[in-house]
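> Okay, sequence plus prediction incoming.
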Amino acid sequence: MGFGTLSRIRIYPIKSLAPVEVSEARIGPTGGLVQDRIWALYGSDGRWINGKRTPAVHFLRTKFAPDLSSVKLSVAAGRNGPSPATFAFPADTARASEWFSSYFGEPVTVRNSEVGFPDDDLAPGPTLVSTASLEAVCSWFPELSFESARLRFRANLEIAGVRPFEEDRLFTGEKGTFVRFGIGEVRFEGSNPCARCAVPPRDPHTSEAIADFQKRFASLREMHLPPWAAAARFDHFYRFALNTRVPASEAGKALRLGDALFLAAP
(Lines give C-alpha, C1' and ligand atoms only; values in the text may rest on other atoms or scores of the structure.)
Protein backbone atom coordinates (compact mmCIF):
# COMPACT_ATOMS: atom_id res chain seq x y z
CA MET A 1 0.00 0.00 0.00
CA GLY A 2 1.43 3.38 -0.95
CA PHE A 3 0.39 6.85 0.02
CA GLY A 4 1.93 10.27 -0.30
CA THR A 5 5.30 11.51 -1.48
CA LEU A 6 8.21 13.17 0.22
CA SER A 7 7.77 16.88 -0.47
CA ARG A 8 10.25 18.51 1.91
CA ILE A 9 13.44 17.54 3.72
CA ARG A 10 14.84 19.71 6.49
CA ILE A 11 17.93 19.12 8.55
CA TYR A 12 18.86 21.10 11.65
CA PRO A 13 22.66 21.20 11.72
CA ILE A 14 22.69 23.01 15.08
CA LYS A 15 20.23 21.56 17.57
CA SER A 16 17.44 24.05 18.43
CA LEU A 17 18.39 26.52 15.69
CA ALA A 18 17.10 27.09 12.16
CA PRO A 19 16.74 24.36 9.52
CA VAL A 20 18.38 23.94 6.14
CA GLU A 21 16.26 22.65 3.27
CA VAL A 22 17.82 20.00 1.05
CA SER A 23 16.64 17.94 -1.91
CA GLU A 24 18.42 14.79 -0.73
CA ALA A 25 19.63 13.46 2.63
CA ARG A 26 21.40 10.28 3.64
CA ILE A 27 20.78 8.08 6.65
CA GLY A 28 23.53 8.17 9.25
CA PRO A 29 24.96 5.27 11.26
CA THR A 30 22.33 5.41 14.04
CA GLY A 31 19.32 6.24 11.87
CA GLY A 32 19.24 10.02 11.89
CA LEU A 33 19.90 12.17 8.85
CA VAL A 34 23.53 12.93 8.11
CA GLN A 35 24.44 16.39 9.51
CA ASP A 36 21.17 16.69 11.44
CA ARG A 37 21.64 18.14 14.94
CA ILE A 38 25.37 17.40 14.96
CA TRP A 39 26.15 20.49 17.05
CA ALA A 40 24.51 20.90 20.42
CA LEU A 41 24.95 23.70 22.96
CA TYR A 42 25.58 22.80 26.59
CA GLY A 43 25.44 25.12 29.58
CA SER A 44 27.77 25.03 32.57
CA ASP A 45 25.31 22.68 34.30
CA GLY A 46 25.81 20.09 31.54
CA ARG A 47 22.29 20.45 30.14
CA TRP A 48 21.28 21.37 26.60
CA ILE A 49 20.66 25.01 25.87
CA ASN A 50 17.53 24.91 23.73
CA GLY A 51 14.13 26.49 23.24
CA LYS A 52 12.69 24.57 26.16
CA ARG A 53 15.24 26.18 28.45
CA THR A 54 15.32 29.75 27.15
CA PRO A 55 13.49 31.77 24.48
CA ALA A 56 16.81 33.51 23.79
CA VAL A 57 17.53 30.86 21.14
CA HIS A 58 14.79 32.39 18.97
CA PHE A 59 16.94 35.47 18.34
CA LEU A 60 19.89 33.53 16.95
CA ARG A 61 20.37 33.50 13.18
CA THR A 62 22.37 31.05 11.07
CA LYS A 63 23.50 31.11 7.46
CA PHE A 64 25.20 27.98 6.16
CA ALA A 65 27.40 27.59 3.10
CA PRO A 66 25.65 25.54 0.39
CA ASP A 67 27.79 22.50 1.27
CA LEU A 68 27.42 23.13 5.03
CA SER A 69 31.18 23.61 5.34
CA SER A 70 30.73 26.85 7.29
CA VAL A 71 28.10 28.73 9.27
CA LYS A 72 27.68 32.43 9.92
CA LEU A 73 26.20 33.14 13.35
CA SER A 74 24.47 36.41 14.15
CA VAL A 75 21.85 37.91 16.44
CA ALA A 76 18.52 39.34 15.30
CA ALA A 77 18.42 43.07 14.59
CA GLY A 78 17.70 45.11 17.67
CA ARG A 79 19.00 42.45 20.08
CA ASN A 80 22.20 42.65 22.09
CA GLY A 81 24.90 40.15 21.31
CA PRO A 82 28.29 39.52 19.74
CA SER A 83 29.12 40.66 16.21
CA PRO A 84 28.37 38.23 13.38
CA ALA A 85 31.09 35.66 12.85
CA THR A 86 31.71 32.72 10.51
CA PHE A 87 32.93 29.33 11.68
CA ALA A 88 34.12 26.17 9.94
CA PHE A 89 31.40 23.56 10.33
CA PRO A 90 31.44 21.24 12.12
CA ALA A 91 35.09 21.47 13.22
CA ASP A 92 35.28 24.92 14.82
CA THR A 93 33.53 24.16 18.09
CA ALA A 94 36.03 26.03 20.31
CA ARG A 95 35.52 29.45 18.71
CA ALA A 96 31.79 28.85 18.40
CA SER A 97 31.67 28.05 22.13
CA GLU A 98 33.20 31.46 22.86
CA TRP A 99 30.66 33.19 20.58
CA PHE A 100 27.67 31.46 22.16
CA SER A 101 29.08 32.11 25.66
CA SER A 102 29.15 35.81 24.87
CA TYR A 103 25.58 35.72 23.62
CA PHE A 104 24.04 33.76 26.50
CA GLY A 105 26.15 35.41 29.20
CA GLU A 106 27.30 32.10 30.63
CA PRO A 107 29.85 29.44 29.75
CA VAL A 108 28.61 27.45 26.76
CA THR A 109 30.25 24.40 25.25
CA VAL A 110 29.50 23.42 21.64
CA ARG A 111 29.78 19.69 21.14
CA ASN A 112 29.95 17.90 17.82
CA SER A 113 28.68 14.35 17.23
CA GLU A 114 28.68 12.57 13.89
CA VAL A 115 25.50 10.71 14.92
CA GLY A 116 23.73 13.81 16.20
CA PHE A 117 21.90 14.60 19.41
CA PRO A 118 18.34 13.18 19.08
CA ASP A 119 15.59 14.03 21.55
CA ASP A 120 14.33 10.43 21.59
CA ASP A 121 17.12 7.88 22.06
CA LEU A 122 14.68 5.00 21.48
CA ALA A 123 13.44 6.46 18.19
CA PRO A 124 16.30 8.62 16.87
CA GLY A 125 15.25 8.56 13.24
CA PRO A 126 13.88 11.52 11.26
CA THR A 127 10.61 13.02 12.46
CA LEU A 128 7.78 13.00 9.94
CA VAL A 129 4.60 15.03 9.42
CA SER A 130 2.17 15.56 6.56
CA THR A 131 1.50 18.84 4.81
CA ALA A 132 -2.21 18.32 5.44
CA SER A 133 -1.65 17.94 9.18
CA LEU A 134 0.24 21.24 9.32
CA GLU A 135 -2.57 22.87 7.35
CA ALA A 136 -5.11 21.48 9.82
CA VAL A 137 -3.22 22.94 12.78
CA CYS A 138 -3.10 26.31 11.02
CA SER A 139 -6.89 26.16 10.65
CA TRP A 140 -7.13 25.76 14.44
CA PHE A 141 -4.95 28.81 15.03
CA PRO A 142 -5.71 31.57 12.48
CA GLU A 143 -2.81 33.62 13.85
CA LEU A 144 -0.41 30.88 12.74
CA SER A 145 1.11 31.05 9.26
CA PHE A 146 1.94 27.83 7.46
CA GLU A 147 5.70 28.45 7.39
CA SER A 148 5.61 29.41 11.05
CA ALA A 149 3.92 26.09 11.83
CA ARG A 150 6.71 24.25 10.02
CA LEU A 151 9.34 26.10 12.03
CA ARG A 152 7.55 25.53 15.32
CA PHE A 153 7.13 21.76 14.95
CA ARG A 154 10.58 21.20 13.39
CA ALA A 155 9.94 17.98 11.47
CA ASN A 156 12.65 16.54 9.23
CA LEU A 157 10.35 15.02 6.61
CA GLU A 158 7.09 16.33 5.16
CA ILE A 159 4.68 14.14 3.18
CA ALA A 160 2.28 15.56 0.59
CA GLY A 161 -0.77 13.99 -1.02
CA VAL A 162 -2.43 12.51 2.07
CA ARG A 163 -5.26 13.44 4.43
CA PRO A 164 -4.64 15.28 7.71
CA PHE A 165 -3.00 13.10 10.36
CA GLU A 166 -2.44 10.20 7.96
CA GLU A 167 0.92 9.75 9.69
CA ASP A 168 -1.04 8.51 12.73
CA ARG A 169 -1.30 5.20 10.84
CA LEU A 170 2.41 4.71 11.36
CA PHE A 171 2.42 3.72 15.04
CA THR A 172 0.55 1.09 17.01
CA GLY A 173 -1.37 1.16 20.28
CA GLU A 174 1.28 -0.84 22.07
CA LYS A 175 4.53 0.68 23.27
CA GLY A 176 7.54 -1.24 21.98
CA THR A 177 5.88 -2.31 18.75
CA PHE A 178 6.50 -0.57 15.43
CA VAL A 179 4.89 -0.06 12.03
CA ARG A 180 7.17 -0.86 9.11
CA PHE A 181 7.08 1.54 6.17
CA GLY A 182 9.38 2.89 3.52
CA ILE A 183 10.15 6.12 1.73
CA GLY A 184 11.92 5.47 -1.55
CA GLU A 185 14.80 3.10 -0.84
CA VAL A 186 14.84 3.66 2.93
CA ARG A 187 12.98 1.42 5.38
CA PHE A 188 11.57 2.92 8.57
CA GLU A 189 9.83 1.81 11.75
CA GLY A 190 7.12 4.14 13.04
CA SER A 191 7.40 4.49 16.81
CA ASN A 192 5.08 6.99 18.48
CA PRO A 193 3.39 10.38 18.19
CA CYS A 194 5.90 13.03 19.23
CA ALA A 195 5.33 14.75 22.58
CA ARG A 196 5.62 18.51 22.18
CA CYS A 197 7.26 21.05 24.48
CA ALA A 198 7.33 24.78 25.17
CA VAL A 199 8.66 25.62 21.70
CA PRO A 200 5.58 25.34 19.39
CA PRO A 201 3.58 28.08 21.15
CA ARG A 202 6.36 30.61 20.46
CA ASP A 203 6.97 32.57 17.30
CA PRO A 204 10.27 31.14 15.96
CA HIS A 205 11.63 34.64 15.23
CA THR A 206 10.29 36.81 18.07
CA SER A 207 9.52 34.26 20.85
CA GLU A 208 6.04 35.80 21.30
CA ALA A 209 3.73 33.04 22.53
CA ILE A 210 0.16 32.20 21.49
CA ALA A 211 -2.00 32.29 24.62
CA ASP A 212 -3.16 28.89 25.93
CA PHE A 213 -1.62 27.17 22.91
CA GLN A 214 -0.89 23.85 24.61
CA LYS A 215 -4.33 23.53 26.16
CA ARG A 216 -6.13 24.55 22.96
CA PHE A 217 -3.95 22.29 20.81
CA ALA A 218 -4.50 19.25 23.04
CA SER A 219 -8.27 19.76 23.05
CA LEU A 220 -8.45 20.11 19.27
CA ARG A 221 -6.04 17.23 18.67
CA GLU A 222 -8.28 14.94 20.70
CA MET A 223 -11.39 16.25 18.96
CA HIS A 224 -9.90 15.64 15.50
CA LEU A 225 -8.13 12.36 16.26
CA PRO A 226 -8.79 10.18 13.19
CA PRO A 227 -10.36 6.72 13.59
CA TRP A 228 -7.16 5.03 12.41
CA ALA A 229 -5.04 6.57 15.20
CA ALA A 230 -4.07 4.33 18.12
CA ALA A 231 -5.60 6.41 20.91
CA ALA A 232 -3.84 4.28 23.53
CA ARG A 233 -0.54 5.95 22.61
CA PHE A 234 -1.88 9.36 23.62
CA ASP A 235 -1.30 9.64 27.35
CA HIS A 236 -1.96 13.29 26.56
CA PHE A 237 -2.98 14.95 23.31
CA TYR A 238 -0.21 17.51 23.09
CA ARG A 239 1.42 15.17 20.58
CA PHE A 240 2.02 15.82 16.90
CA ALA A 241 4.15 14.28 14.11
CA LEU A 242 5.83 10.89 14.14
CA ASN A 243 9.02 9.65 15.79
CA THR A 244 10.80 6.90 13.86
CA ARG A 245 13.55 4.33 14.02
CA VAL A 246 15.67 3.31 11.04
CA PRO A 247 17.25 -0.16 10.89
CA ALA A 248 21.05 -0.27 10.79
CA SER A 249 20.82 -1.83 7.32
CA GLU A 250 19.62 1.52 5.93
CA ALA A 251 22.72 3.54 6.85
CA GLY A 252 24.09 5.36 3.80
CA LYS A 253 20.87 5.14 1.80
CA ALA A 254 19.36 8.36 0.42
CA LEU A 255 16.00 10.05 0.77
CA ARG A 256 15.03 12.27 -2.17
CA LEU A 257 12.21 14.71 -2.84
CA GLY A 258 9.44 12.92 -4.70
CA ASP A 259 10.11 9.52 -3.11
CA ALA A 260 6.89 7.61 -2.43
CA LEU A 261 5.89 6.54 1.06
CA PHE A 262 4.49 3.01 1.34
CA LEU A 263 3.45 0.61 4.06
CA ALA A 264 5.63 -2.48 4.25
CA ALA A 265 4.51 -6.03 4.89
CA PRO A 266 4.59 -7.03 8.60
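Right, received. Where do you want to start? Residues are numbered from 1 along each chain as shown.
> What sits closest to A149 if chain neighbours are left out?
Leaving aside its chain neighbours, A149 sits nearest to L134 (4.9 Å; criterion: Cβ to Cβ, 6 or more residues apart in numbering). C-beta here means a position set from N, CA and C on the backbone, and glycine is covered the same way.
> what's the burial count for the closest residue in space to I210 that isn't next to it in sequence?
Nearest residue to I210 in three dimensions, chain neighbours excluded: P201, at 5.1 Å (Cβ to Cβ, 6+ apart). If you count neighbours by other Cβ atoms under 10 Å, P201 ends up with 20.
> Next: G4.
22.
> circling back to that earlier point, which secondary structure element is home to the residue nearest to A149?
helix 131-140 (DSSP states H and E).
> Which strands and helices lie in contact with the helix or strand that comes right after that helix?
Note on helix 131-140: by DSSP H and E, the next helix or strand toward the C-terminus is helix 146-153. Helix 146-153 sits against helix 131-140, with contacts defined as 3 or more Cβ pairs under 8 Å, 6 or more residues apart in numbering; DSSP states H and E.
> if we can go back for a sec, may I have the residues that are in contact with the residue nearest to I210?
P201 is in contact with R152, A209, I210, F213, Q214, counting by Cβ atoms under 8 Å, 6 or more residues apart in numbering.
> what about the residue nearest to F234 when sequence neighbours are not counted, is that helix, strand or coil?
Leaving aside its sequence neighbours, F234 sits nearest to P193 (Cβ to Cβ, 6+ apart; 6.6 Å). Following DSSP: H, G, I helix; E, B strand; the rest coil, we place P193 in the strand state.
> Helices of the chain, start to end?
Here the chain has its helices, by DSSP state H, at 93-104, 131-140, 146-153, 213-223.
> What residues of the first one count as buried?
Think helix 93-104. Using 16 or more other Cβ atoms under 10 Å as the test for burial, helix 93-104 gives T93, A96, S97, W99, F100, S101, Y103, F104.
> which residues sit against it?
Contacts with helix 93-104, where a contact means Cβ under 8 Å, 6+ apart, come from 39, 41, 43, 49, 54, 56, 60, 73, 75, 81-82, 85, 87, 107-112.
> before we move on, the earlier item: Throw the contacts of P201 into TSV and include neighbour count, pLDDT and distance to H236, thanks.
Output for these, formatted as TSV (neighbours: other Cβ atoms under 10 Å; pLDDT from 0 to 100; distance: Cβ to Cβ, whole Å):
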residue	neighbour count	pLDDT	distance to H236
R152	21	97	18
A209	14	95	19
I210	16	96	18
F213	20	97	14
Q214	17	97	9
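> Can you lay out these as TSV showing distance to A229?
Formatted as TSV, the contacts of P201 follow (distance: Cβ to Cβ, whole Å):
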residue	distance to A229
R152	21
A209	27
I210	24
F213	21
Q214	19
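> Among the residues you listed, which pair sits farthest apart?
R152 and Q214 (12.0 Å; Cβ to Cβ).
> still on that earlier bit, which one among the buried residues of helix 93-104 gets closest to I27?
Minimum distance to I27 across those is 24.1 Å, recorded for T93 (Cβ to Cβ).
> quick one on the thing from earlier: and the helix holding L134 with helix 213-223, angle?
Put simply, helix 131-140 runs at 120 degrees to helix 213-223, going by axes from the mean of the first three to the mean of the last three Cα atoms, to 10 degrees.
> how far away is the closest residue to P29 other than its chain neighbours from V115?
Setting aside the residues directly before and after it, P29 is nearest to A251 in space (Cβ to Cβ, 6+ apart), at 5.1 Å. Here the criterion is Cβ to Cβ, to the nearest Å. By it, A251 lies 10 Å from V115.
> Identify the contacts common to those two.
G28, P29.
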